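# Model the following, please.
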Amino acid sequence: MRLTRKPDRGVDDRAALDAFLDEQLSGVLATVHEGRPHVIPIAYARDGDRLLFHGSTGAGALRMAADGAPVSFCVHAVDAIRLSYNGLHHSVNYRSAVVEGVATRLTGDEHWAALDLLVDLLVPGRNSEIVPVASKDAAKTMTLALPISDGHWLMKARTGQLARADEVPDDVWMGTVPLTLVAGEPVPATGQDPGLPLPASVRRFVAARPNPDGRDADRPGVV
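The predicted model follows:
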């Protein structure tokens with residue numbers, strides 16, 4: 001893959017790609033089948049040099065990927081809104097990554113291991129706190145692995161602050177509004193004892209995504 005527009009925004013560091021993929025939680029998986037595009041939002045986890053996905057065996061796009069259709073997977077994060085002096089110059093600071101290739105359907109022990117990895121890579125330590133997956137549920141679930149290989153990934157980023165332009169009137173505010181993904185207060189399942197203590201995995205997950213100033217602390221999201 002080669003970046004043809006704004007090459008200065010390209011990121012060639014594989015460690016930066018891994019860190020970005022590990023930080024995010026979901027992306028968009030796309031493929032083409034019989035001339036039609038198929039796109040689905042999907043959670044994922046990175047396991048070394050591959051990305052893991054799972055979903056229903058009835059999911060069309062996953063079945064196509066499992067049958068060998070080439071796929072493209074995109075992850076995108078908006079880190080700030082850039083407010084300029086006119087509408088055409090408004091923009092965002094962002095990070096994005098695209099990984100393309102052919103995914104492999106995992107079976108047998110690899111399938112079971114991937115199911116556990118997906119949980120523990122998304123919420124580290126969670127598997128030790130929950131009941132094992134039932135065989136009948138695992139049979140209805142598909143796991144796929146997409147390799148992250150040289151020449152088949154692309155990462156871009158835009159960072160920094162706006163600089164005031166000479167032609168801007170003095171009364172037009174310009175600047176950057178940072179955006180951050182934060183974790184809200186965990187909400188127990190309906191009917192569960194509200195006094196049940198939070199498990200360690202959930203406490204760590206929330207602590208890793210703190211709300212910087214306490215606003216909207218009861219709602220996960222972007223502030």
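# Show me the shaky parts of this structure.
Scanning the chain for pLDDT under 70 picks out the ranges 1, 4, 212-223.
# The same query, at a cut-off of 50, please.
The model of the chain has pLDDT under 50 over residues 215-223.
# Going along the chain, name the helices of it.
Per DSSP state H, the chain has helices spanning 14-23, 60-66, 108-122, 135-139, 200-207. These are given in chain order.
# Walk me through the domains of this structure.
7-160, 180-223 (automatic domain parsing).
# Distance to residue 167 and mean neighbour count added to these, as TSV?
Glycine gets a C-beta too; all of them are placed from N, C-alpha and C. Formatted as TSV, the domains of the chain follow (distance: least, Cβ to Cβ, whole Å; neighbours: other Cβ atoms under 10 Å):
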stretch	distance to residue 167	mean neighbour count
domain 7-160	7	15
domain 180-223	32	12
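# Looking at the ones you listed, which is nearest to residue 174?
Closest approach to residue 174 among the domains of the chain is made by domain 7-160 (5.7 Å; Cβ to Cβ).
# Over to that closest one now: how far is its first residue from its last?
16 Å (Cα to Cα, to the nearest Å).
# For this protein, give the strand that spans the most residues.
Counting residues, the longest strand found in the chain (DSSP state E) is strand 71-83.
# who's in contact with it?
The contact list for strand 71-83, computed with Cβ atoms under 8 Å, 6 or more residues apart in numbering, reads 20-21, 23-24, 26-31, 44, 51, 65, 90-103, 146, 159, 162, 173-179, 181.
# With distance to residue 38 as extra columns, can I get the helices of the chain in JSON lines?
Converted to JSON lines, the helices of the chain look like this (distance: least, Cβ to Cβ, whole Å):
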{"stretch": "helix 14-23", "distance to residue 38": "22"}
{"stretch": "helix 60-66", "distance to residue 38": "4"}
{"stretch": "helix 108-122", "distance to residue 38": "21"}
{"stretch": "helix 135-139", "distance to residue 38": "24"}
{"stretch": "helix 200-207", "distance to residue 38": "31"}
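# Those helices: which one's closest to residue 35?
helix 60-66 (12.4 Å).
# Setting the sequence-adjacent residues aside, check what's closest to residue 165.
Spatial nearest neighbour of residue 165, chain neighbours left out: residue 85 (6.0 Å); criterion: Cβ to Cβ, 6 or more residues apart in numbering.
# Could you do residue 205 as well?
Closest to residue 205 by Cβ to Cβ, 6+ apart is residue 123, at 5.2 Å.
# That neighbour against residue 202, yeah?
Yes - Residue 123 is within contact range of residue 202, at 7.2 Å (criterion: Cβ atoms under 8 Å).
# can you pull the contacts of the nearest residue to residue 121 once chain neighbours are set aside?
In space, and not counting its chain neighbours, residue 121 is closest to residue 45: 3.5 Å by Cβ to Cβ, 6+ apart. Residues near residue 45 by Cβ under 8 Å, 6+ apart: 51-52, 117-118, 121-122.
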